[in-house]
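Undergrad: Test case, fold it:
(one chain, ligands or ions: 2)
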Amino acid sequence: MLTRLAFFLTLGLSAATWAVAAPPGVPPSTEAPAAKPKDKPSAVAPALTDLPRRIVLGWTGDPAHTMSVTWRTKGPSPAAKGQVATFKADPAELKPLSEPAATYSQADLGGGKSAHQHRVTFQGLSPDTSYWYRVGEGDSWSEWTTFRTASDKPEPFKFIYFGDAQNSIRSLWTRTVQQAFLAAPDARFMVHAGDLVAEGWDDALWGEWVQGQGFVASRIPSLPCPGNHDEHLPKDAPAGAGPSTVHPIWHGMFTLPQNGPKDAPELVDGAWYLDYQGVRFISLDANPYTEEAFDAAVKSRIAAKQVQWLEGVLGSNPNRWTIVIHHQPLYSAGKDRDYPELRAALLPLYDKYHVDLVLQGHDHIYGRTRKLAGGKTVGDGQPGTVYAISVSGPKAYELNPMNVALMAITRLHTQMYQVITVAPDRLDFEAFSITGEPVDRFELRKSKAGASTLVDQHQRSLAAAR
Ligand SMILES: [Fe+2]
Ligand SMILES: [Fe+2]
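TA: Ligands and ions are numbered 1, 2, ... in the order given. Take a look at the predicted model:
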């Protein structure tokens, strides 16, 4: 052992000596080694902490012709901008098509710290097209990364749906994101049904939320709706004052459609809708119907405005499919939970306008209902809605016996992700555990008249197994 150790020590010393001195008898060269133009010495590269970070994609509007990017820098970075380029393999062709300047926002993190947040929106993009993009300025640029625009027609596409991440985000939730990305690398966006972090006013947790995704948030847009843990009362608010709101970090980090209820600033970036290839996605802030932190007068004002807005958005939907996202469930699967006020506000509209699917979180459990209308199970071909609850993080609750009869399937103590594929006449919903185990699967088949029929593959596989 000693001999072997001595050999490696000698070899290491020899190599080090060779690197700094010319061989004996040979004069030292006076020429500097030829530098390749693109090989910049690492000593002058910016520190990693100075580079753009927390890069997140999203949309304010038309997903077929625009894409927005947000990121953060250590300082104000006054010349920050984005670059977008055609999707070619030859690096010599990596020439920016446009370089929009970033808009800047600053969030007070307390303790004398600020978040320096930037946003660009690439405009005039072609539908159904991949691009390279990066963000930064001077010597401080992000990696070149890719995104894809939506088709401007109702063509098939996939998206990923996550329930609450919330706890141990960087250490344990990251497993869910990795596995979901590997299962659906071509997903067009990720829906987050609230409680993305345990405390929405804690900036460090938002750092974990992006870091825990690796590069995924920089190449697949994020569409979140707020949960109760994402909202909070401002620190200087008097006791009992409302409403709770998302932190300015949320507004700076996520780019979401600005088409929510008018005259309700509390619902900005919480209530929005987006039309994507034949589907109207509607996000609601369910907190005003469930949280006691709201002042009663404010609560009823916000709740009423959101319902009024929702009716308009449902009634004017030109798409064949409607998917609604909110955090607290209409039919809770978690023990000791029930939200009658939420049901009273939303159920009449879901039934009236035949919402196809509702994506929810909050219960830290997986639960998917049969087809329901008026709070009762209906036939698979009858008008009605399927409600899903899921969880992507490690926190787990026990089952609520109250709504078991409405559930087609439940799964406890399991980190999950869902891949949903939508075509003009068919929606395929697949739920997986983070080991890749298929847990649930159903289809909704759309007729020309607009009605859908549920084909429950989970029930079929259970029947076949008996
Ligand atoms: Fe939660
Ligand atoms: Fe929650």
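Undergrad: With adjacent residues omitted, what lies nearest to residue 455?
TA: Of all residues not flanking residue 455 in the chain, residue 443 sits nearest, at 4.2 Å (C-beta to C-beta, 6 or more residues apart in numbering). For glycine as for every other residue, the C-beta is placed from the backbone atoms N, C-alpha and C.
Undergrad: ok, and the one you found, which helix or strand is that part of?
TA: Here residue 443 sits within strand 438-446, counting by DSSP states H and E.
Undergrad: which strands and helices sit next to that strand?
TA: Other helices and strands packing on strand 438-446, by 3 or more C-beta pairs under 8 Å, 6 or more residues apart in numbering; DSSP states H and E, are strand 366-369, strand 407-411, strand 426-433, strand 452-456, helix 457-465.
Undergrad: One more pass at 7 Å, please.
TA: strand 426-433, strand 452-456, helix 457-465 (3 or more C-beta pairs under 7 Å, 6 or more residues apart in numbering; DSSP states H and E).
Undergrad: Spatially nearest residue to residue 258 (excluding sequence neighbours)?
TA: Counting by C-beta to C-beta, 6+ apart, residue 258 lies nearest to residue 60, which is 6.1 Å off, once chain neighbours are set aside.
Undergrad: Verify the stated contact: the one you found with residue 123.
TA: No - judged on C-beta atoms under 7 Å, residue 60 makes no contact with residue 123 at a distance of 10.5 Å.
Undergrad: between these two, which one's more packed in?
TA: residue 60 (17 against 14; other C-beta atoms under 10 Å).
Undergrad: quick one on the thing from earlier: who are the contact partners of the residue nearest to residue 455?
TA: With contact taken as C-beta atoms under 7 Å, 6 or more residues apart in numbering, residue 443 is in contact with 426, 427, 428, 455, 457.
Undergrad: With residue 366 as the reference, measure out to it.
TA: With distances taken as C-beta to C-beta, to the nearest Å, residue 443 is found 18 Å from residue 366.
Undergrad: and the closest residue to residue 267 other than its chain neighbours, how many neighbours does it have?
TA: Leaving aside its chain neighbours, residue 267 sits nearest to residue 260 (5.0 Å; criterion: C-beta to C-beta, 6+ apart). Residue neighbour count, defined by other C-beta under 10 Å, stands at 23 for residue 260.
Undergrad: Assumed residue 260 was part of a helix.
TA: No - secondary structure of residue 260 (DSSP: H, G, I helix; E, B strand; the rest coil): coil, not part of a helix.
Undergrad: Quick check: it touching residue 274?
TA: No - using C-beta under 7 Å, residue 260 and residue 274 do not qualify as a contacting pair, with a distance of 11.4 Å.
Undergrad: partners of the strand holding residue 443 in the sheet?
TA: Strand 438-446 has the following strand partners under DSSP bridges: strand 426-433 (antiparallel), strand 452-456 (antiparallel).
Undergrad: Turn those into JSON lines, including distance to ligand 2 and mean pLDDT.
TA: Compiled in JSON lines, the strands paired with strand 438-446 are given as follows (distance: least, C-beta to the ion, whole Å; pLDDT from 0 to 100):
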{"stretch": "strand 426-433", "distance to ligand 2": "19", "mean pLDDT": "98"}
{"stretch": "strand 452-456", "distance to ligand 2": "27", "mean pLDDT": "94"}
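Undergrad: any chance of those strands in JSON lines, with mean neighbour count too?
TA: Formatted as JSON lines, the strands paired with strand 438-446 follow (neighbours: other C-beta atoms under 10 Å):
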{"stretch": "strand 426-433", "mean neighbour count": "20"}
{"stretch": "strand 452-456", "mean neighbour count": "20"}
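Undergrad: Nearest to residue 268 among the ones you listed would be which one?
TA: strand 426-433 (29.3 Å; C-beta to C-beta).
Undergrad: How about the residues of the stretch 201-350 of the chain by ligand 2?
TA: Contact residues (C-beta under 5 Å from the ion) of the stretch 201-350 of the chain with ligand 2: 227, 228.
Undergrad: got any ranges where the stretch 201-350 of the chain has weak pLDDT?
TA: Residues of the stretch 201-350 of the chain meeting the criterion pLDDT under 70: 234-235, 238-243, 292-295.
Undergrad: residue boundaries of the helices in it?
TA: All helices of the stretch 201-350 of the chain, identified by DSSP state H, counting those that start in this stretch, fall at 203-211, 248-253, 296-315, 340-352.
Undergrad: Adding mean neighbour count, write those helices out as CSV.
TA: Formatted as CSV, the helices of the stretch 201-350 of the chain follow (neighbours: other C-beta under 10 Å):
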stretch, mean neighbour count
helix 203-211, 19
helix 248-253, 22
helix 296-315, 17
helix 340-352, 17
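Undergrad: okay, the ones you listed in a markdown table with distance to residue 68 next?
TA: Below are these laid out as a markdown table (distance: least, C-beta to C-beta, whole Å):
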| stretch | distance to residue 68 |
| --- | --- |
| helix 203-211 | 15 |
| helix 248-253 | 11 |
| helix 296-315 | 21 |
| helix 340-352 | 29 |
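Undergrad: Check which residues of the strand holding residue 443 are buried.
TA: Judged by neighbour count (16 or more other C-beta atoms under 10 Å), strand 438-446 contains these buried residues: 439, 440, 441, 442, 443, 444, 445, 446.
Undergrad: With stretch 402-409 instead?
TA: Residues 403, 406, 407, 408, 409 are the ones in stretch 402-409 that count as buried (16+ other C-beta under 10 Å).
Undergrad: And the furthest pair within these?
TA: 403 and 409 (12.6 Å).
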